[in-house]
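> Could you work out the structure for the sequence below:
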Amino acid sequence: MPIKIPDQLPALKVLNEENIFVMSESRAKGQDIRPMEIGILNLMPNKIETEVQLLRLLSNSVLQANVDLIRIDTHISKNTPAEHMDAFYRLFDDIKGKKNYDGLIITGAPLGLIPYEEVNYWDKMTEIMDWAKKHVQSTLYLCWAAHAGLYHHFGLNRDIRQDKLSGVYLHQLTDPKDPLLQGFDDEFWAIHSRYAQVPLSGIESAEQLKPLATTEQGGAYLTATTDKRMVFITGHPEYDVNTLNDEYNRDLNAGLNPTIPENYYPDNDPTRTPRNKWRGHGNLLICNWLNHYVYQQTPYDLATLG
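As a prediction, the model looks like this:
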């Protein structure tokens, strides 16, 4: 929540330089307030679990938001009841010509080893990503969607790793003054669960992109465009404490011989209960996105967007 202070108070300049969200009296007097409109394009198989995870993160902000759950098509989900999809999800084709959004979240998907053009909904995915450039103030891409977005918008292809990056890893800030990182520690923990990786050198060479946080084991974790319209997160700040454990046991039961997720189980023992050490920075990241990349940038009249 912004704090309102007098225009001439010296603290205003100091706090602004530190990227602390403050509002002058003159700005506050002319401000109109409305709920933000947030869309979630949910591509994960277990949609209900993902809904809970993302809505939990969004609810930590004091900013009021209306949330739409969006689906690509009427394909029947194997892991989510059809009644749930019909009751709570809106088809993209039904909203694309009728509604703009302050923010859009596009989730990951279990497609890390499939070439983009062979994904059965790739054409629709590219349509949505292009649509978002004109109809969404800021789009947040998670995991597979982050790689897909970097590929579609900037031509940055991914490399398939020899082993799956799975675990909780220590990250470093590369641009600590960016508002998206306000309040972050110099180092923080975040979850990764992926087979692919976009080379950090490619991101660094793209004029419109700036890497904000990286990890030694997995390259770029957090990247944003210079105009704040797109954010790419290659990990999973939304994961619950047991999500990675469920993935590990699923692969184990399928005979895939997965490696034990790194830095996740106490003493690297999968029989012990994992501990969550990424929740705080995950919450802070989403709150900063809503505040600085969405709320502070979006027009009051969404019809004027783009």
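> how about the strands in the protein?
3-5, 22-24, 36-41, 65-71, 89-91, 101-106, 136-142, 159-173, 187-197, 209-215, 219-225, 230-233 (DSSP state E).
> and the closest residue to residue 276 other than its chain neighbours, how many neighbours?
If the residues on either side of it in the chain are set aside, residue 276 comes closest to residue 241, at 4.2 Å by Cβ to Cβ, 6 or more residues apart in numbering. (C-beta placed from N, C-alpha, C; glycine too.) Using other Cβ atoms under 10 Å, residue 241 has 14 neighbouring residues.
> Tell me who's in contact with residue 241.
274, 275, 276, 279 (Cβ atoms under 8 Å, 6 or more residues apart in numbering).
> Buried residues, stretch 279-296. List them.
Residues of stretch 279-296 classed as buried: 279, 281-295 (neighbour count, 16 or more other Cβ atoms under 10 Å).
> wait, stretch 231-251
So stretch 231-251, judged by 16+ other Cβ under 10 Å, has buried residues 231-239, 243-245, 247-248.
> What pLDDT does the model give residue 55?
Confidence at residue 55, expressed as pLDDT, is 89.
> likewise the one 4 residues further on?
According to the predicted model, the pLDDT of residue 59 comes to 84.
> Over to the one 5 residues further on?
Per-residue confidence (pLDDT) for residue 64: 80.
> And for residue 262?
pLDDT, read off for residue 262, is 97.
> now residue 107
In this prediction, residue 107 carries a pLDDT score of 97.
> returning to what we had before: check the spacing between the residue nearest to residue 276 and residue 271 real quick.
Counting by Cβ to Cβ, to the nearest Å, the gap from residue 241 to residue 271 is 16 Å.
> If you rank the contacts of residue 241 by neighbours, which is first?
residue 274 (19 neighbours).
> out of the contacts of residue 241, which one sits closest to residue 151?
Distance to residue 151, by Cβ to Cβ, is smallest for residue 279 among the contacts of residue 241, at 29.6 Å.
> Tell me the spacing between the closest one and residue 73.
33 Å.
> can you list the domains in this structure?
When the chain is parsed with automatic domain parsing, its domains come out as 1-31, 34-304.
> so of the ones you listed, which one's packed in deepest?
Stretch with highest mean neighbour count among these: domain 34-304 (a mean of 17; mean count of other Cβ atoms under 10 Å).
> Ends of that one, what's the gap?
Domain 34-304 has its terminal residues 15 Å apart, counting by Cα to Cα, to the nearest Å.
> Likewise for stretch 73-90?
9 Å.
> Just the residues contacting that stretch, thanks.
42, 45-48, 68-71, 91-92, 121, 124.
> if we go to 6 Å?
Stretch 73-90 is contacted by residues 45, 46, 47, 68, 69, 70, 71 when judged by Cβ atoms under 6 Å, 6 or more residues apart in numbering.
> and those residues, which two are the farthest apart?
The span of those, defined through Cβ to Cβ, is set by 45 and 68 at 20.2 Å.
> tell me the mean pLDDT for stretch 167-179?
Across stretch 167-179, pLDDT averages out at 96.
> I meant stretch 204-215, not that one.
On average, stretch 204-215 scores 97.
> quick one: it to chain centroid distance?
Using Cα atoms, centre = their mean, to the nearest Å, the mean C-alpha position of stretch 204-215 is found 16 Å from that of the whole chain.
> now swap in stretch 211-222 and tell me
14 Å.
> What pLDDT does the model give the closest residue in space to residue 242 that isn't next to it in sequence?
In space, and not counting its chain neighbours, residue 242 is closest to residue 274: 7.1 Å by Cβ to Cβ, 6+ apart. With respect to pLDDT, residue 274 has a value of 96.
> list the contacts for residue 274?
Counted by Cβ under 6 Å, 6+ apart, residue 274 has contacts 241, 245, 264, 265.
> Residue 247 now?
By Cβ under 6 Å, 6+ apart, the contact set of residue 247 is empty.
> again, only using 8 Å
Contact analysis of residue 247 by Cβ under 8 Å, 6+ apart lists 166, 193.
> Disregarding flanking residues, what is the spatial nearest neighbour of residue 193?
residue 166 (5.2 Å).
> So that neighbour sits against residue 258, correct?
Yes: applying Cβ atoms under 8 Å as the test, residue 166 and residue 258 come out as touching, 7.1 Å apart.
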